[in-house]
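Novice: structural data only, the sequence is not supplied:
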């Protein structure tokens, strides 16, 4: 029982990441009618926003102190991280919380990247065949990941989580079983809560704001909305930016769980596509539900008990589910028929 | 009417089609005689296209059946229905825009000769002399032989229509379904199309025409069914239908008279 | 015999093509690319691209998972070397059969959907194969370390025919091991045969049906064709071509690694095809050669060479220029590849062949456009 609960919990954070990426993918499908193969790269860029932010605030100024001399006779070098020289003791706290704080950097950066991408490239492909949309965004994904590689190098750069959040949350006590039976790392819990929060915010935004209503109407019937004299294109540009921010934030918060590397975008993208297919192309709730579902199933599949029966199942479970879904219910869990087919 | 050798090829019996709460078709009975041209007319939204889609298996009827030559069509896939000998001309021409005009007309001949699927790579396309010659003959008939090597996508709308007709004719279908064959055409194109259809009629092919251009219908049809609100409100010879006050009333609301030009 | 009969125009193209391929060691000399390893790569990538084009160029189904079949072909060939014989023919035959079976299964599933769904599914399946090759299937694939020949391999047929040599053997034909340019010429002959088969497909009624699928599936259905087996056949044929290319890679270098199955390899063949010209016979070959050539040239650059190249730039600016340019060459070649990908799709979706056609039609105004559809288009 505890083992099953533990796996369920383990799947939540990864599921959250899938759900967030799939959500952005679906938003872009639905609004712009474009399949964005560079969406995974946005997740990766978000993660590297966190890396950049940490590099900035830990950038060290070196001062030589002539009053003190090392054993070799050279003056002692005093290294002060930028954050500390600016904010004094608060600097240490800033550095400790660099990952969550880099959200502040990631939001404007990702919004800018998203809008630039849409205005610069994607816009010109609305009227072109889907195959060309796929190809150009695929090329873009390669370019983005190679740029990151040439700046940050090929190796993963691990990002420490804040000291205070390194512990584990004792779920066992909380639900009334013995202590220490069922614990869940705090950061993973945070990630889950965070992803729920973002998803909730996106849905609320679409549901309750005029902007969101126009976008939803546009998803259902673009031409009619255009006829009403509403500038749907500009809103869709902003929607693309929002999708980029969602993917980027998912990437930022994921860094302590997976040290960011330049090719993680593609790894997550492929899985997120499967999530979208399982959830149903064009369905936002489908994307979210399938994201969590697949995250959890993947975590069950990686239990040793399961792996001893079906070796390698953890590697392919997601794809297997996609195959089954396609055979049994081709339009996905919550999809409409015929979306993005022709 | 009641000839001794009446041979019904297409039998639509008791077909109903509902979309949600909307009754698109109610209680449709239709008998199409071999070698005859049967027109289905009616105002927009009367259910003409729905009926056609039910006949070719694109839509499944809510109840009822479509029988062609003793075979139930309902539940079969479009390619199976075609293989039984039913060809269709669409309202907006469905052609192969990336192929040449000649290839467009040759392709259906292969479906007729080789069936729904056959891997045929041994003989090159231009060695298929029989099929090519037949395609050229038919292109000559429809007046497109000069455009033989053009890109089909580059044809005018009227030419696309005629080519689509040629694509159906090369299959020598037992039943040809035409969905508004002259919609959106100029007067001149309409007249050439009518002449063409008359020429086919001489070959004794069974046809069902969906149309709202009366001019076309009255010069071609042997029998007319009038569809309104998803029901057949009148049926008979062209003259009977034209003079039926019920049709005048229900179909035209007296706004203008049915007349053959 | 009609099996070998092809239209006169195709015959001329085939003859010219054969000449160009076989004369590679001569005309690549001045380009500095006439060494066997690179020429083999040229020829093998061309086989891969020709096969990919049979699916994408004719039917319009854009697969992002063809690297999987390439990998399967390589593994099969190496296993044929290890277990049976170093002879190239059985390795190729097995590779084609096994990759064809893989393509049959994957194609059957993926072709249940079309358009974007299809692309995503093929990508997912290829990733699944890659993941499996990396993990559970290590007994077969040898995982990260790649599958290689060892001295203890049984090679039952070879051992029965002749005593074993001391070192690791290399692949060959009828007991004669390839050396020097022989490996290249063997691959070149295979490429010419592969090209001939593709020509037959292109000019046959079957090829026309595949083009018709790309053009209008609705009409195909109402014309009495069952489109799915047609698309599946094209998928399997192109999977077999990929398997053949994988086998050739193994023949020239008896090694099979997982990286051959990665999505980047799938992306590369897509790029080769569109760069050359989707749906044309020669286009994918040109695309493959261009990519392989540039990859070879660009990835060989390092900072020293760059400094020499930019020696004419003033001292201060030189370092800056070299730093910028070095990001695009050597290790950074992939970045250039990605940019190339985007530029081709944005400005030249018809590829090199479309460019050639435009130039030709400038000199030759009244000529009609060729019927082959040039633009990249998904199946409906």
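Specialist: Received it, and whenever you're ready, just let me know what you need. Because the structure is a prediction, the values reported are computed rather than measured. Numbering: from 1, shown residues only, chains lettered A, B, ... in the order given.
Novice: and the next helix or strand past the helix or strand containing residue A:248?
Specialist: Residue A:248 belongs to helix A:232-254 when assigned by DSSP states H and E. On the C-terminal side of helix A:232-254, the nearest following helix or strand under DSSP H and E is helix A:264-279.
Novice: looking at that following helix now, give me its mean pLDDT.
Specialist: Helix A:264-279 shows a mean pLDDT of 84.
Novice: what does the pLDDT read for residue 198?
Specialist: No chain was given, so I picked chain A. Residue A:198 carries a pLDDT value of 92.
Novice: ah, no, chain C please
Specialist: Listed pLDDT for residue C:198 reads 94.
Novice: ok, how many other residues are close to it?
Specialist: 24 (other Cβ atoms under 10 Å in any protein chain shown). Just so you know, the C-beta spots here come from the backbone N, C-alpha and C atoms, and that holds for glycine as well.
Novice: which ones are touching it?
Specialist: If a contact means Cβ atoms under 8 Å, 6 or more residues apart in numbering or on different chains, then residue C:198 has C:50-51, C:53-54, C:281 as its contacts.
Novice: farthest pair in those residues?
Specialist: Using Cβ to Cβ, the pair of the contacts of residue C:198 lying farthest apart is C:51 and C:281, separated by 12.2 Å.
Novice: quick one: low-confidence residue ranges for chain C.
Specialist: C:1-5, C:166, C:365-380 (pLDDT under 70).
Novice: 50 instead?
Specialist: In the predicted model, chain C carries pLDDT under 50 at residues C:1, C:367-380.
Novice: centroid residue for it?
Specialist: Geometric centre of chain C, nearest residue: residue C:48, 2.0 Å, by Cα atoms, centre = their mean.
Novice: look up how far residue C:199 lies from the spatially closest residue to that one that is not a sequence neighbour.
Specialist: In space, and not counting its chain neighbours, residue C:48 is closest to residue C:245: 3.9 Å by Cβ to Cβ, 6 or more residues apart in numbering or on different chains. Look at residue C:245 and residue C:199: by Cβ to Cβ, to the nearest Å, they are 18 Å apart.
Novice: quick one, which of those two is more surrounded?
Specialist: Just comparing residue C:245 and residue C:199: by other Cβ under 10 Å the higher neighbour count belongs to residue C:245, 34 against 21.
Novice: which elements pack onto the helix or strand hosting the more buried one?
Specialist: Using DSSP H and E, residue C:245 falls within helix C:227-252. Using 3 or more Cβ pairs under 8 Å, 6 or more residues apart in numbering or on different chains; DSSP states H and E, the elements in contact with helix C:227-252 are helix C:36-53, helix C:66-83, helix C:88-110, helix C:182-203, helix C:205-215, helix C:217-222, strand C:255-256.
Novice: quick revisit: more neighbours: which of residue C:51 and residue C:281?
Specialist: Higher neighbour count among residue C:51 and residue C:281: residue C:51, with 30 against 23, using other Cβ under 10 Å.
Novice: residues touching the more buried one, list them.
Specialist: Here residue C:51 is in contact with C:66, C:194, C:198, C:237-242, C:244-245 (Cβ under 8 Å, 6+ apart).
Novice: pull the contacting residues for residue B:105.
Specialist: B:135, B:138-139, B:163, B:166-167, B:170.
Novice: now, which of the residues you listed sits nearest chain C?
Specialist: residue B:167 (6.9 Å; Cβ to the nearest Cβ).
Novice: what kind of secondary structure is the closest residue in space to that closest one that isn't next to it in sequence in?
Specialist: Using Cβ to Cβ, 6+ apart and skipping residues adjacent in sequence, the residue nearest residue B:167 is residue B:108, 4.9 Å away. Here residue B:108 is recorded as helix under DSSP: H, G, I helix; E, B strand; the rest coil.
Novice: ok, residue B:108 - contacts?
Specialist: B:87, B:167-168, B:170-171, C:223-224 are the contacts of residue B:108 under Cβ under 8 Å, 6+ apart.
Novice: that one and residue A:102, how far apart?
Specialist: 62 Å.
Novice: repeat for residue C:281
Specialist: For residue C:281, the distance to residue A:102 - Cβ to Cβ - is 52 Å.
Novice: and for residue A:168?
Specialist: Distance of residue A:168 to residue A:102, computed by Cβ to Cβ: 24 Å.
Novice: what is the neighbour count of residue 13?
Specialist: I went with chain A, as the question did not name one. For residue A:13, the neighbour count with other Cβ under 10 Å is 25.
Novice: other chain: chain B
Specialist: 13.
Novice: again, but for residue A:156
Specialist: Residue A:156: 17 neighbours (other Cβ under 10 Å).
Novice: that's a strand at it, yeah?
Specialist: No - Residue A:156 is assigned coil when assessed by three-state DSSP, not a strand.
Novice: which neighbouring elements make contact with the host helix or strand of residue B:215?
Specialist: Here residue B:215, judged by DSSP H and E, is contained in helix B:214-220. Contact partners of helix B:214-220 among helices and strands, from 3+ Cβ pairs under 8 Å, 6+ apart: strand B:37-41, helix B:187-202, strand B:206-211, helix B:238-243.
Novice: for residue A:36, which of these is the nearest?
Specialist: Ranking these by proximity to residue A:36 (Cβ to Cβ) places strand B:206-211 first, at 42.2 Å.
Novice: direction included, what does that closest one pair against?
Specialist: Here strand B:206-211 is paired, per DSSP bridges, with strand B:37-41 (parallel), strand B:175-179 (parallel).
Novice: could you dump those to TSV with mean neighbour count and mean pLDDT?
Specialist: Converted to TSV, those look like this (neighbours: other Cβ atoms under 10 Å in any protein chain shown; pLDDT from 0 to 100):
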stretch	mean neighbour count	mean pLDDT
strand B:37-41	25	90
strand B:175-179	24	90
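Novice: so which of those comes closest to residue C:99?
Specialist: Comparison of the strands paired with strand B:206-211 against residue C:99 by Cβ to Cβ identifies strand B:175-179 as nearest, at 43.6 Å.
Novice: one step back: give me whichever of the helices and strands packed on helix C:227-252 is most buried.
Specialist: helix C:66-83 (a mean of 28; mean count of other Cβ atoms under 10 Å in any protein chain shown).
Novice: what separates stretch B:228-248 from the chain centre, distance-wise?
Specialist: 20 Å (Cα atoms, centre = their mean, to the nearest Å).
Novice: and the end-to-end length of that stretch?
Specialist: Length of stretch B:228-248, first residue to last, Cα to Cα, to the nearest Å: 12 Å.
Novice: go through it and flag the buried ones.
Specialist: Of all the residues in stretch B:228-248, those buried under the rule 16 or more other Cβ atoms under 10 Å in any protein chain shown are B:228-236, B:238, B:241-242, B:244, B:247-248.
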